[in-house]
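Chemist: Below are the sequence and a predicted model for it; my questions follow.
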Amino acid sequence: MATPPRAWRAARLAAVVAVNETLTALDVSGCRLGADGAGAEDASGVLRLAAALTHNRTLTELQLARNALGRGGACD
């Protein structure tokens, strides 16, 4: 089965965030990273981004408004 477009975009964003050494602010408001937009029944997009952030040392501001994170995405 092909990777859903939104899930692929979330994975690509996470990959870039993980290795970027100059990005200090990122606004992904309304990018559908939560359960309704990741192309899955879970919060896979935001979880990928969260994992990537453990490798990023320069990002100091992250806007996640309007991403339908729900309890799972906010707590996992």
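Modeler: In hand now; what should we look at?
Chemist: Once you drop chain neighbours, what's closest to Ala25?
Modeler: Glu61 (4.1 Å; C-beta to C-beta, 6 or more residues apart in numbering). Placement of C-beta: from N, CA and C, glycine included.
Chemist: what's that neighbour sitting at in phi/psi?
Modeler: Backbone torsions for Glu61, taken as degrees, to the nearest 10, come to phi -140, psi 130.
Chemist: Next, count neighbours for Thr22.
Modeler: 6 (other C-beta atoms under 10 Å).
Chemist: for the one 3 residues further on, same thing?
Modeler: Using other C-beta under 10 Å, Ala25 has 10 other residues around it.
Chemist: Give the other helices and strands that the lengthiest helix in the chain contacts.
Modeler: Across the chain, the longest stretch assigned as helix under DSSP state H is helix 5-19. Contacts defined by 3 or more C-beta pairs under 8 Å, 6 or more residues apart in numbering; DSSP states H and E place helix 5-19 against helix 44-53.
Chemist: so where's this protein uncertain?
Modeler: 1-6, 34-43, 70-76 (pLDDT under 70).
Chemist: picking that back up, residues touching the residue nearest to Ala25, list them.
Modeler: Applying C-beta atoms under 8 Å, 6 or more residues apart in numbering, we find Glu61 in contact with 24-26.
Chemist: thinking again about what came up before, so what strands line up beside the helix or strand following the longest helix of the chain?
Modeler: Downstream of helix 5-19, the next assigned helix or strand under DSSP states H and E is strand 25-27. Taking DSSP bridges as the criterion, strand 25-27 forms sheet pairs with strand 61-63 (parallel).
Chemist: right, and Leu23 touches Leu59 too?
Modeler: Yes: between Leu23 and Leu59 there is a contact at 5.6 Å, judged by C-beta atoms under 8 Å.
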